[in-house]
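Visitor: Structure of the sequence below:
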Amino acid sequence: MWWNSVWGNLLLTFLVATVPVIELRGAIPFGVARGLGIWTAIAVSVLGNLLPVPFIVLFIRNVFSWLRKRHARLNDLVNRLEARAEGKEDTVRRYAFWGLVLLVAIPLPGTGAWTGALVAAMMRMPLRKAFPAIAVGVVIAAVVVSVITYGATVVF
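Guide: Residues are numbered from 1 along each chain as shown. Here you go, the predicted structure:
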């Protein structure tokens, strides 16, 4: 089957990294478990994790507006997502670039590229400022996840 090939493993790892909550925290171990080398899994996971960022930063406010018009339950979901982002805005406002890097870099639930992009969008941060900070945070998170999962000797 195609998903058991090298290209299939690369694609599946890439796709896992694009999923909110799982992101590269799950994609790196997934890729290695599928037979990818650690560095390949890291590279593919970082790229997959960064893919949704520009779309979130640029379009999530319009998507939220559209969802609010569709149904009351969707309005509640949007309100919860916005409240979650607003709760993390203080750190980003206080430390600017490095606040967004820190928010993305800590590989814990409620952090990551999706959350960082959502916070940047809610703050109306331009993509040219948000993307570099999110990218640095994603790379740091990839190193942290890899060291925790596989040990420093494997990664360095």
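Visitor: Contacts for stretch 122-129 next, please.
Guide: Stretch 122-129 is contacted by residues 54, 57-58, 61, 82, 85-86, 89, 92-93, 97, 100, 120 when judged by CB atoms under 8 Å, 6 or more residues apart in numbering. In short, each C-beta sits where N, CA and C put it, glycine included.
Visitor: How are the helices of the protein distributed by residue range?
Guide: 6-18, 23-33, 38-50, 53-70, 72-105, 113-122, 127-150, 152-155 (DSSP state H).
Visitor: residue contacts, Ala27?
Guide: By CB under 8 Å, 6+ apart, the contact list for Ala27 reads Thr13, Phe14, Val16, Ala17, Ala41, Val44, Ser45, Gly48, Asn49.
Visitor: Then Pro54?
Guide: So Pro54 contacts Leu127, Phe131 (CB under 8 Å, 6+ apart).
Visitor: Could you report the separation of the residue nearest the centre of the chain from Leu47?
Guide: Note on the chain: the residue nearest the mean C-alpha position is Ala113, at 2.6 Å, using CA atoms, centre = their mean. Note on Ala113: its distance to Leu47, by CB to CB, to the nearest Å, is 11 Å.
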